[in-house]
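> Model the structure of this input:
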Amino acid sequence: MNTLAHFAINSSAVDSSKTFYERVFGWKITPWGPPGFYQIEGAGVRGALQGRRDLIAGERTLGFECTLAVADIDETEKRVLANGGKIILERSVISGVGTLMFFQEPGGNVFGAMQYDTNAK
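Presented below is the predicted three-dimensional model:
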């Protein structure tokens, strides 16, 4: 555990980005879940393409957004907070996937932590 499990590309022009990544890297990008959310196959790790969002209020998310697979979301939260990090987005359950939270480390980088659980509801 504690390995890179997922990345998301946040885009201001999702359709153009979709075409770009399909043509440049040959990735298969298909709709999944809510409108405007796509799943990426072929990148070597699970990926998503989605509209740009603000994980930190007032700051547009730029670049790739990474999520780490963790064995215990509660323990990860405790360790993040004990080591100078802070919670950016409270935990949420993605049905059939698991529990996801976003954190910020002391250097300002934001990352997700997911406790995968196919039985999550």
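> how would you label residue 16: helix, strand or coil?
helix (DSSP: H, G, I helix; E, B strand; the rest coil).
> Please enumerate the helices of the protein.
Using DSSP state H, the helices found in the chain span residues 14-25, 73-82.
> and of these, who's closest to residue 62?
Nearest of the helices of the chain to residue 62, taken as CB to CB: helix 14-25 at 12.9 Å. Just so you know, the C-beta spots here come from the backbone N, C-alpha and C atoms, and that holds for glycine as well.
> which sections of the protein are below the confidence cut-off?
By pLDDT under 70, the chain has no low-scoring segment.
> mind listing the strands for it?
Counting by DSSP state E, the chain has strands at residues 3-11, 28-31, 38-41, 46-51, 64-69, 86-94, 98-104, 110-116.
> Save those as JSON lines, and put in mean neighbour count and distance to residue 80 too.
Shown next, in JSON lines, are the strands of the chain (neighbours: other CB atoms under 10 Å; distance: least, CB to CB, whole Å):
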{"stretch": "strand 3-11", "mean neighbour count": "17", "distance to residue 80": "17"}
{"stretch": "strand 28-31", "mean neighbour count": "14", "distance to residue 80": "31"}
{"stretch": "strand 38-41", "mean neighbour count": "18", "distance to residue 80": "26"}
{"stretch": "strand 46-51", "mean neighbour count": "18", "distance to residue 80": "22"}
{"stretch": "strand 64-69", "mean neighbour count": "16", "distance to residue 80": "11"}
{"stretch": "strand 86-94", "mean neighbour count": "13", "distance to residue 80": "8"}
{"stretch": "strand 98-104", "mean neighbour count": "19", "distance to residue 80": "5"}
{"stretch": "strand 110-116", "mean neighbour count": "20", "distance to residue 80": "8"}
